[in-house]
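A.B. asks: model this:
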Amino acid sequence: MKKYLKLVSLALILFSTISFISCNKPKNTELTKIRLNEVVRSIFYAPMYAAINKGFFKEEGLEIELSTGQGADKTMQQVLSKNADIGFCGPEQVIYLYNQGRDDYAVLFAQLTKRDGSFLVGRNKEEDFKWESLRGKTVIGGRPGGVPEMTLEYVLRNHGIAPNKDIQIITNLAFTATAQAFKSGTGDYVALFEPTASMLEKEGGSYIVASVGKASGEIPYTCFFTTKSYLENYPDIIQRFTNAIYKGQLWVESHNSKEIADAVIDFFPGSDIELLTTVVERYKAQDTWAKNPILKEEALSRLMDIIQSYNSELLPSRPPYEKIVTNKFAEEAIKNIK
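C.D. replies: Residues are numbered from 1 along each chain as shown. Modelled structure (predicted):
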């Protein structure tokens, strides 16, 4: 009997211990879903895709629901209509919105790309290309009023070429039709984003002769934003989101082009890994991606220079930098993440 009671006591102790451990086991942390709308799908945004696929958002307790706006104005509308929490596109939309006098305006809180991502493609190899040589030529450009077209024209003016006077620029083609038009014989040059520029070069008969982004200098080309009210109501989410983006930027900075292409290729079904690697290499070589999420006032000012030099009526007044930009989340991320 004594032996039996001893066994029962041991069993009770064991059960109590197991119950205690079970009760104190950390529960699975529930992820907070964030609806993120990107302007288009492009390898140009590799650090963001790397942050998603490498689990940096999950580390911050966030789950990204990614949608594609197919246009900066559409991305802004998704955020304003509360169909998206965070938008990712060119800052010009934030600038225009502020000038409309909206109370709940948009605020930029993190930068991802710091240069225009398009390249000038010609029909001949020009290792010593000079922008001045475009005088008298025909170039297939971008959509009128879009930042790629405005940046291209800004570069031309900086080299003493007056658009549509010293040079003919075709701007009435759809974004997806410009490469095919060039292949069919239209124009002497075409401005293309990647991977289209590299694909055209790979097919033969076309050559990337210049980088619009290198010629224009640093501008905050693509950034993350949300509404002022969302920023005020959910600062913790914005901080964790910015942390994840910064981790993605650090990861891309410390890995080679092949590793980056491998990490993001499932965002581009059917893509060739060799081509993606070439594109990533080109973007790394021209210092496309911001090293951290901070958006500098000087760079935003240059973007507004570009807009006003294209058409001053688009930007009759410049919004105060401190109203439409906050770097406090980026600074906190840099301080805490090594």
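A.B. asks: where exactly do the strands run in the stretch 51-200 of the chain?
C.D. replies: 62-68, 86-89, 106-113, 118-122, 138-140, 168-170, 189-193 (DSSP state E, counting those that start in this stretch).
A.B. asks: Out of those strands, which gets nearest to Ile324?
C.D. replies: Nearest to Ile324, of all the strands of the stretch 51-200 of the chain, is strand 106-113, at 5.9 Å by Cβ to Cβ. (C-beta placed from N, C-alpha, C; glycine too.)
A.B. asks: Give me the buried positions along that closest one.
C.D. replies: By 16 or more other Cβ atoms under 10 Å, the buried positions in strand 106-113 come out as 106-113.
A.B. asks: How about stretch 119-134?
C.D. replies: Buried-residue list, stretch 119-134, by 16+ other Cβ under 10 Å: 119-122, 129, 131, 134.
A.B. asks: What is the burial count for His159?
C.D. replies: 14 (other Cβ atoms under 10 Å).
A.B. asks: for the stretch 101-250 of the chain, what spans make up the helices?
C.D. replies: 147-158, 178-183, 196-203, 212-216, 228-233, 235-253 (DSSP state H, counting those that start in this stretch).
A.B. asks: Could you chop this structure up by domain?
C.D. replies: Listed domain ranges for the chain are 32-115+219-336, 118-216 (source: the TED database).
A.B. asks: Distance to Lys33 and pLDDT added to the buried residues of strand 106-113, as a markdown table?
C.D. replies: As requested, the buried residues of strand 106-113 are exported to a markdown table (distance: Cβ to Cβ, whole Å; pLDDT from 0 to 100):
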| residue | distance to Lys33 | pLDDT |
| --- | --- | --- |
| Ala106 | 21 | 98 |
| Val107 | 21 | 98 |
| Leu108 | 22 | 98 |
| Phe109 | 19 | 98 |
| Ala110 | 19 | 98 |
| Gln111 | 24 | 98 |
| Leu112 | 21 | 98 |
| Thr113 | 25 | 97 |
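A.B. asks: Please produce TSV containing the buried residues of stretch 119-134, extended by pLDDT and distance to Lys33.
C.D. replies: Shown next, in TSV, are the buried residues of stretch 119-134 (pLDDT from 0 to 100; distance: Cβ to Cβ, whole Å):
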residue	pLDDT	distance to Lys33
Phe119	96	36
Leu120	97	41
Val121	97	40
Gly122	98	46
Phe129	97	47
Trp131	97	46
Leu134	97	48
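A.B. asks: Nearest to Phe193 among the residues you listed?
C.D. replies: Of those, the one sitting nearest to Phe193 (Cβ to Cβ) turns out to be Phe119, at 7.8 Å.
A.B. asks: what sits against that closest one?
C.D. replies: 191-194, 197, 208, 210-212, 282 (Cβ atoms under 8 Å, 6 or more residues apart in numbering).
A.B. asks: beta partners of it?
C.D. replies: Leu192, Ser211 (DSSP bridges).
A.B. asks: I figured Ile86 hits Thr227, correct?
C.D. replies: No - Ile86 is not in contact with Thr227 according to Cβ atoms under 8 Å; the separation is 9.6 Å.
A.B. asks: OK, contacts around Ala330?
C.D. replies: Applying Cβ under 8 Å, 6+ apart, the residues near Ala330 are 109-111, 242, 246, 292-295.
A.B. asks: Please name the nearest non-neighbouring residue to it.
C.D. replies: Pro293 (3.8 Å; Cβ to Cβ, 6 or more residues apart in numbering).
A.B. asks: Next, count neighbours for the spatially closest residue to Leu112 that is not a sequence neighbour.
C.D. replies: Distances taken as Cβ to Cβ, 6+ apart put Thr222 closest to Leu112, at 5.3 Å, once the chain neighbours are dropped. The number of residues packed near Thr222 is 28, by other Cβ under 10 Å.
A.B. asks: Verify the stated contact: Thr222 with Phe44.
C.D. replies: Yes - with contacts counted by Cβ under 8 Å, Thr222 reaches Phe44, the gap being 7.3 Å.
A.B. asks: Overlap in contacts, those two.
C.D. replies: Common neighbours of Thr222 and Phe44 (Cβ under 8 Å, 6+ apart) are Thr113.
A.B. asks: Give the buried residues for stretch 282-297.
C.D. replies: 282-284, 286, 288-290, 292-296.
A.B. asks: And for stretch 246-254?
C.D. replies: Buried, per 16+ other Cβ under 10 Å, within stretch 246-254: 246-252.
A.B. asks: And for stretch 165-173?
C.D. replies: Quick answer for stretch 165-173 (16+ other Cβ under 10 Å): 166-171, 173.
A.B. asks: out of the residues you listed, who's nearest Leu97?
C.D. replies: Nearest member of these to Leu97, counting by Cβ to Cβ, is Thr171, at 24.1 Å.
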